[in-house]
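Asker: Quick check, what structure comes out for this input:
(one chain, ligands or ions: 2)
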Amino acid sequence: MYAQICVSSLCLQTWSSPKIGCGEVSSEVGCRGKGTDWGNHSVLRHRPSHLHDCSYHPLLERKENRDLLFIDLMASSAADNNNDKLANVQINELSASASPNLQKNLSIFYPDQAELAKMLLERGQSHLFEDWPDAGVDDDEKKALLGQVALLNSSYPGGLASYIKTARELLADSKAGKNPFDGFIPSVPSGEVLTFGDDNFIKYEEAGVRQVQNAAFVLVAGGLGERLGYNGIKVALPMETTTGTCFLQHYIESILCLSEASCGQAQGQCRRDVPFVIMTSDDTHARTLQLLESNAYFGMKSTQVKLLKQEKVACLADNDARLAIDPKNKYRIQTKPHGHGDVHSLLYSSGLLREWKDAGLRWVVFFQDTNGLLFKAIPAALGVSATKEYHVNSLSVPRKAKEAIGGITRLTHADGREMVINVEYNQLDPLLRATGHPDGDANCETGYSPYPGNINQLILEVGPYMDELSKTGGAIKEFVNPKYKDSTKTAFKSSTRLECMMQDYPKTLPPSARVGFTVTDPWLAYAPVKNNPDDAAKVPKGNPYHSATSGETSIYRSNSMTLRKAGVKIDDPVLQVFNGQEVEVWSRVVWKPKWAVTFADVKRKVSGSSSISQKSTLVIKGRNILIEDLSLDGTLVIDSVDDAEVKVGGSVQNNGWKIESVDKDSTALPEEVRIRGFKINKVEQLEKSYSEPGKHSLKP
Ligand SMILES: O=c1ccn([C@@H]2O[C@H](COP(=O)(O)OP(=O)(O)O[C@H]3OC[C@@H](O)[C@H](O)[C@H]3O)[C@@H](O)[C@H]2O)c(=O)[nH]1
Ligand SMILES: [Mg+2]
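Answerer: Residues are numbered from 1 along each chain as shown. Ligands and ions are numbered 1, 2, ... in the order given. Below is the predicted model:
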């Protein structure tokens, strides 16, 4: 193998191995040298998208779960010779360059670190070395900076050079006031509109469940949730406080149950555990891992779950894309999150996507961190993807004008280009105003914006997705959003950076790509927890709050409406105000995914004539619990082992559990209670648990 590798320029820049050609390596490739120069700890990491970069850095010792292929550079004496020669060339080139301070420090670097420094100089980044003291002072910090540069270089498709180039272009466009939508006329696209519970919906759900065993699920959870202002990670928040189940537990249980249902349909041909990937960041990684480990992965196999950590990107100090120095440490570059769009390059560079494709998977389902209604429409949407053969299917809900969710829009250019794409919420209004809609982002006669609201639950078909990423390396169209000091647009208030969004993936697709979207009922599928109480209270009346308060009450509403559709008589909700937000309070109906993951499941398990009063709470935990002629006025919590069947009927009456307002500013209460403005006071309940297999019935 060594003989096949041509080592040049201190690094594996040229590959002559037919086996490990550029773009063909699905696992990470590393190389380790034995000599003193390289040190035993040196690890080279190459991503398939930029095998030509020299991305050496000592920080990358951690191997995570990935396969590293180590190539011993020193195994070949030819490599040794090459190495020395090229190191000399490089240093000579450097001496002619403009950074005497860097020149004085060259002796402390490995040759490939010097190479990176040179690359930076060539791209107008000499300020990074400007006030460096002579070698011998702060050497570790200087090396750490080059280590950071190597990481920034290796984690961006095309490397830092490409980052700086794109940044300059986008900053110039921004300064010139160029609109990314220039020449595009927006119009309302048509998609598949689902009506919850009708025959069509049930048909799609059934088709979708069949597909789940061919799907992989990907949660993007690298965001810190600055708008929410919660100190923990968002996936650890309880999605409702009746049971206290956190988001991540609910997601995992839903995936497990859907995959079980899918296997049930396949009758014995089921071979695999459905993969689940969580994209984390430095802000969320350790706590996400800890949440999983301390809860035995909520029932999933630990091997089934993969965490992919996104790296931050370099901040930009000015219009020339000079990298911003960290205000706290002159030997570091300031970094900020690059956005959820990183998920594509990570799935590609980690080799997971290729693995899935090779294993015959057909779908990748993406979703976000805090939507308790997330899985309500996934089965039907998967069914739509399969039936319509969509390469891209975005799940959406009716959108209120000014609601902070993107609008799905058809964009038609004078030159004939056309696409159906998310226009982010801050861009929709200016785009509409600029194209002959003086009211901008406004509701139409339906009471909603005519543009369906993107909820960022995307279903991509693996084959076309892999084909596309093989071309792009997972790079997504980026944008920059600098806050200028004044109208001359020459200086920024604070450093900026490039960002990207996962829903911008279709922007590079050819016109032949089958891009569609699916709209569901407004109450069914979206109730994110993003806004803090103060901001939520300022949301225009009638628009969703996107707060912890609305996130929880929306779950009760959705479950109550679902039971209503299945024939249960449920009282109308009452209006209550918590944390300054008026919400509908429905009966607190909650069930575990193992009871029902589709509407067909619910219908099968509910019969006769049942009723639930507004003050009631119903918690269903067991699998085969059949609600039949139940009259509930109070709280009923019911659990059973999987092979028990429990008929629940008769009249249950007690003082139940009460929703009580709390003061959001009361520091005596936990943060997760304060952000919703209420707590559940568990006064009285009937709680039954059936631990023996067989048939049981509850008829109080
Ligand atoms: O760098 C990041 C940023 C965000 N994220 C994740 O991406 C998800 C979405 O982040 P945000 O909540 O900040 O997204 P926003 O609310 O700004 O908009 C997003 O959701 C609503 C949609 O309508 C918008 O079109 C979509 O961009 C979260 O799960 C977050 O954890 C990352 O994983 N990495
Ligand atoms: Mg955001």
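Asker: Show me which residues of the stretch 151-300 of the chain are close to ligand 1?
Answerer: Residues of the stretch 151-300 of the chain found near ligand 1 (Cβ under 6 Å from any ligand atom) are V220, A221, G222, G223, M279, S281. Glycine gets a C-beta too; all of them are placed from N, C-alpha and C.
Asker: Could you dump these into TSV and include pLDDT and neighbour count?
Answerer: Formatted as TSV, these follow (pLDDT from 0 to 100; neighbours: other Cβ atoms under 10 Å):
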residue	pLDDT	neighbour count
V220	98	24
A221	98	26
G222	97	27
G223	94	22
M279	98	26
S281	97	20
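Asker: Export those residues as TSV, with columns for secondary structure.
Answerer: Rendered in TSV, the data for these read as follows (DSSP: H, G, I helix; E, B strand; the rest coil):
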residue	secondary structure
V220	strand
A221	coil
G222	coil
G223	coil
M279	strand
S281	coil
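Asker: Pick the one among these closest to P593.
Answerer: Using Cβ to Cβ, A221 is the member of these that sits closest to P593, with 19.0 Å.
Asker: got the phi/psi numbers for the closest one?
Answerer: When read as degrees, to the nearest 10, the backbone of A221 gives phi -140, psi 50.
Asker: residues touching it, list them.
Answerer: Shown in contact with A221 (Cβ atoms under 8 Å, 6 or more residues apart in numbering): I233, K234, V235, I278, M279, T280, T284, T288, Q368, D369.
Asker: between the residues you listed, which is closest to A525?
Answerer: Q368 (12.0 Å).
Asker: hang on, the closest one packs against Q457?
Answerer: Yes: contact criterion Cβ atoms under 8 Å: Q368 and Q457 qualify, at 7.5 Å.
Asker: any residues in contact with both of those two?
Answerer: L374.
Asker: can you give me the helices for the stretch 151-300 of the chain?
Answerer: With helices called from DSSP state H, counting those that start in this stretch, the stretch 151-300 of the chain shows them at 159-175, 199-212, 247-266, 285-293.
Asker: Make a markdown table from those and add mean neighbour count and mean pLDDT to it.
Answerer: Converted to a markdown table, the helices of the stretch 151-300 of the chain look like this (neighbours: other Cβ atoms under 10 Å; pLDDT from 0 to 100):
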| stretch | mean neighbour count | mean pLDDT |
| --- | --- | --- |
| helix 159-175 | 19 | 97 |
| helix 199-212 | 20 | 98 |
| helix 247-266 | 21 | 95 |
| helix 285-293 | 16 | 98 |
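Asker: Please name whichever of those helices is nearest to P337.
Answerer: With Cβ to Cβ as the yardstick, what comes closest out of those is helix 285-293 (12.6 Å).
Asker: residues making contact with the closest one?
Answerer: With Cβ under 8 Å, 6+ apart as the criterion, helix 285-293 contacts 221, 232-233, 235-236, 246, 248, 278, 280, 298, 302, 305, 307, 309.
Asker: got the angle for that helix vs helix 247-266?
Answerer: Helix 285-293 runs at 50 degrees relative to helix 247-266, counting by axes from the mean of the first three to the mean of the last three Cα atoms, to 10 degrees.
Asker: thinking again about what came up before, what is the nearest of the contacts of A221 to K376?
Answerer: For the contacts of A221, the nearest to K376 is Q368 (14.4 Å; Cβ to Cβ).
Asker: The closest one: how many residues sit nearby?
Answerer: Neighbour count for Q368, taken as other Cβ atoms under 10 Å: 21.
Asker: Please list the residues of this structure that sit near ligand 1.
Answerer: Counting by Cβ under 6 Å from any ligand atom, the chain sits next to ligand 1 at 220-223, 279, 281, 337-340, 368-369, 404-406, 422, 424, 454-456, 501, 503, 530.
Asker: so A401 makes contact with G447?
Answerer: No: A401 lies out of contact with G447 (Cβ under 8 Å); the separation is 9.6 Å.
Asker: Between the two, which is the more surrounded one?
Answerer: Counted by other Cβ under 10 Å, A401 and G447 do not tie: A401 has more neighbours, with 22 against 11.
Asker: Next one, pLDDT for the more buried one please.
Answerer: Note for A401: predicted pLDDT of 97.
Asker: now do the one 3 residues further on
Answerer: What the model reports as pLDDT for A404 is 94.
Asker: same thing with N179?
Answerer: 85.
Asker: which strand is the longest one in the protein?
Answerer: In terms of residue count, the longest strand belonging to the chain (DSSP state E) is strand 449-461.
Asker: How about the helix or strand following that strand, which residues are buried there?
Answerer: Moving toward the C-terminus from strand 449-461, the next helix or strand (DSSP states H and E) is helix 462-472. Using 16 or more other Cβ atoms under 10 Å as the test for burial, helix 462-472 gives V462, P464, Y465, M466, E468, L469, S470, T472.
Asker: Next one: the second one from ligand 1, what distance?
Answerer: Between P464 and ligand 1 the computed distance is 22 Å (Cβ to the nearest ligand atom, to the nearest Å).
Asker: That residue reaches A513, doesn't it?
Answerer: Yes: assessed by Cβ under 8 Å, P464 is found in contact with A513 at 6.7 Å.
Asker: Please, where are all the strands along the stretch 501-650 of the chain?
Answerer: 515-519, 569-570, 574-578, 581-585, 588-591, 606-607, 611-612, 617-620, 625-633, 635-640, 644-653 (DSSP state E, counting those that start in this stretch).
Asker: swap in the stretch 101-250 of the chain?
Answerer: Assigned by DSSP E, counting those that start in this stretch, the stretch 101-250 of the chain shows strands spanning 184-187, 192-193, 215-220.
Asker: Highest mean neighbour count out of those strands?
Answerer: strand 215-220 (a mean of 25; mean count of other Cβ atoms under 10 Å).
Asker: for that strand, packing partners?
Answerer: Judged by 3 or more Cβ pairs under 8 Å, 6 or more residues apart in numbering; DSSP states H and E, strand 215-220 is in contact with helix 247-266, strand 276-280, helix 342-349, strand 363-367.
Asker: Throw those into TSV and include distance to S613, thanks.
Answerer: As requested, those are exported to TSV (distance: least, Cβ to Cβ, whole Å):
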stretch	distance to S613
helix 247-266	26
strand 276-280	38
helix 342-349	44
strand 363-367	34
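Asker: out of these, nearest to S554?
Answerer: The nearest among those, by Cβ to Cβ, is helix 247-266 at 13.4 Å.
Asker: Confidence-wise, which of the buried residues of helix 462-472 comes last?
Answerer: Least confident entry in the buried residues of helix 462-472, by pLDDT: T472, with 92.
Asker: From R417, how far off is it?
Answerer: Applying Cβ to Cβ, to the nearest Å, the value for T472 to R417 is 18 Å.
Asker: same question, S126
Answerer: Distance from S126 to R417, counting by Cβ to Cβ: 40 Å.
Asker: Look at the two and report which has more neighbours.
Answerer: A direct count of neighbours by other Cβ under 10 Å for S126 and R417 places S126 higher, at 18 against 11.
Asker: doesn't P100 make contact with the more buried one?
Answerer: No: the criterion here is Cβ under 8 Å, and S126 misses it with P100 at 9.8 Å.
Asker: sorry, back to before: with respect to Y390, which of the contacts of A221 is nearest?
Answerer: Checking the contacts of A221 one by one against Y390 (Cβ to Cβ), the nearest turns out to be Q368, at 19.8 Å.
Asker: which residues does that closest one contact?
Answerer: If a contact means Cβ under 8 Å, 6+ apart, then Q368 has L219, V220, A221, H340, L374, I455, N456, Q457, P528 as its contacts.
Asker: run the last query once more with 7 Å
Answerer: Shown in contact with Q368 (Cβ atoms under 7 Å, 6 or more residues apart in numbering): V220, N456, P528.
Asker: Give me the pLDDT for it.
Answerer: 98.
Asker: swap in Q90?
Answerer: 48.
Asker: Then the one 3 residues further on?
Answerer: What the model reports for E93 is a pLDDT of 53.
Asker: The one 5 residues further on too?
Answerer: On pLDDT, A98 comes in at 71.
Asker: Extract the C-alpha trace of stretch 272-284 and format it as PDB.
Answerer: The C-alpha trace of stretch 272-284 is given here as PDB (Å, rounded to 0.1, in the frame of the first residue of the first chain):
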ATOM      1  CA  ARG A 272     -31.700  -3.800  10.400                       C
ATOM      2  CA  ASP A 273     -31.800  -1.300  13.200                       C
ATOM      3  CA  VAL A 274     -32.900   2.000  11.800                       C
ATOM      4  CA  PRO A 275     -29.900   4.400  12.100                       C
ATOM      5  CA  PHE A 276     -30.200   7.500  14.200                       C
ATOM      6  CA  VAL A 277     -27.700  10.400  13.800                       C
ATOM      7  CA  ILE A 278     -27.500  13.400  16.000                       C
ATOM      8  CA  MET A 279     -25.500  16.400  14.800                       C
ATOM      9  CA  THR A 280     -24.100  18.100  17.900                       C
ATOM     10  CA  SER A 281     -21.600  21.000  18.300                       C
ATOM     11  CA  ASP A 282     -19.200  22.000  21.000                       C
ATOM     12  CA  ASP A 283     -22.100  23.700  22.700                       C
ATOM     13  CA  THR A 284     -24.200  20.500  22.900                       C
END
